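In: Need coordinates for the following:
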Amino acid sequence: MKKLLMVGMMSAMLVGLAACGSDADSKSAESDKATPKTEEKEVAKKAETTKQDVNSDTDANKQTEEKQDKESTTAKEDTPTTEKAEEKTSEPTAQNGTTKETPDTAKTEEKTPEQKQAAAAGAFSLTPAGFQQSAVAPKTGGTVSLVYLNTTPETADFGPLKVIVKQYKLESVTGANKKMDPYSPESYLANQDGFVVTADVVIENTSASNINYLAERIQINGGGISKGASLENFVPTAYQLSGSATSHNIFPAKSKREGAITYMLNKDNYYTLVHLTKLVVPNPNDFADKALPVKTTKAIDLDFRITE
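Out: Residues are numbered from 1 along each chain as shown. Below is the predicted model of the structure:
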């Protein structure tokens, strides 16, 4: 009997232990099953948090960019206003500055006849326009007027030498009032009214040797009187006729020289010469040491009208 009880008790204990082990295993399994779910939830929660953080950063970046774009747009909108303000500010300066002349500054002083003549004389040259300017007025003062201008060229052709009068003019001098050197030939018009004839002359040597020629011997002739030319009177230095730098009368072979010559006339001279006026061009053989093969042995007369 005791053995049976003992066996029964042991069997009961074994069954109880088995039941406990089963419960423990079941709980352990349930625990193991629960752990992954918890971990999954935590991972999912972290992922969601990370996603929220990323979205938050993205939104923040978008907000920042939008703010910067807005500020940039605002700055651009403000810039023209600033430029316009500057333009408006500068307008009074342009209106009140030196770019616009006031009636007082725009008004120029009226020049005297002497000042006008002096300004014109500074532009004298042998060009068609420059030749019409006066080189006489600055030296004589008074009133100097252009009476006659001839721009039709004439040529005295001797063969080896040609004398060409390209243009000439007549100027009247009235009331000369400038102090002049009494020893200068120009002072001829210092105390009397008169006239100055200026001729633009070209001398061309077509030969193979130098030619001696005196251009001052070219005379103005009419009414029985003659007047010799001057190479210097009322002729600016730059436009004086000269064959070479060392000798004004030696014209080199195959050369062409141009300059002005002048004639001073008082009223009596002018009114005598004005009728049938001629320019008498001397023959180059008149000055040559050895005779040149010229076309004529005489001087050549050119028409030289000096009145309207």
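
In: Next, give phi and psi for the nearest residue to Ser187 once chain neighbours are set aside.
Out: Spatial nearest neighbour of Ser187, chain neighbours left out: Met180 (4.3 Å); criterion: Cβ to Cβ, 6 or more residues apart in numbering. Using the backbone N, CA and C atoms, a C-beta is placed for each residue, glycine as well. The phi/psi pair for Met180 (degrees, to the nearest 10) reads phi -120, psi 150.

In: Met180 against Val173, yeah?
Out: No: at 11.6 Å, Met180 does not count as touching Val173 under the criterion of Cβ atoms under 8 Å.

In: just the helices in the stretch 151-300 of the chain please.
Out: For the stretch 151-300 of the chain, helices defined by DSSP state H, counting those that start in this stretch occupy the ranges 267-273.

In: ranges for the strands of it?
Out: Along the stretch 151-300 of the chain, the stretches classed as strands by DSSP state E, counting those that start in this stretch are 154-157, 161-174, 194-205, 211-212, 219-222, 225-228, 250-251, 255-266, 278-281, 300-303.

In: Against Val280, how distant is Asp303?
Out: Distance of Asp303 to Val280, given as Cβ to Cβ, to the nearest Å: 12 Å.

In: ok, the two, which is more surrounded?
Out: Shown here are Asp303 and Val280; by other Cβ atoms under 10 Å, Val280 has more neighbours (17 against 12).

In: which parts of the host helix or strand of Leu149 are buried?
Out: Using DSSP states H and E, Leu149 sits within strand 143-150. Neighbour counts using 16 or more other Cβ atoms under 10 Å place 143-144, 147, 150 of strand 143-150 among the buried residues.

In: Of the residues you listed, just say which sits nearest to Val235.
Out: In terms of Cβ to Cβ, no member of the buried residues of strand 143-150 lies closer to Val235 than Val144, at 14.9 Å.

In: residues contacting the closest one?
Out: 117, 134, 136-137, 171-174 (Cβ atoms under 8 Å, 6 or more residues apart in numbering).

In: check contacts around Met204.
Out: Actually, residue 204 is Glu rather than Met. 161-162, 164, 255-257.

In: Tell me what the residue lying closest to Tyr168 once chain neighbours are set aside is bridged to.
Out: Nearest non-adjacent residue to Tyr168, counting by Cβ to Cβ, 6+ apart: Ala199, 4.0 Å away. Beta-bridge partners of Ala199, counted by DSSP bridges, are Tyr168, Ile261.

In: where does Ala199 land on pLDDT?
Out: pLDDT, Ala199: 98.

In: Let me know how buried the closest residue to Ala215 other than its chain neighbours is, in neighbour terms.
Out: Leaving aside its sequence neighbours, Ala215 sits nearest to Leu241 (Cβ to Cβ, 6+ apart; 5.4 Å). Counted with other Cβ under 10 Å, the neighbours of Leu241 add up to 22.

In: try the one 4 residues further on
Out: Taking other Cβ under 10 Å as the neighbour definition, Ala245 ends up with a count of 6.

In: Can we start the residue count at 661 from this point?
Out: I'll keep to 661 as the first residue from here, and by that count the last item is Ala905.

In: Ramachandran angles for it?
Out: phi -70, psi -30.

In: got the contact list for it?
Out: Neighbour list for Ala905: empty [criterion: Cβ under 8 Å, 6+ apart].

In: How confident is the prediction for it, by pLDDT?
Out: 91.
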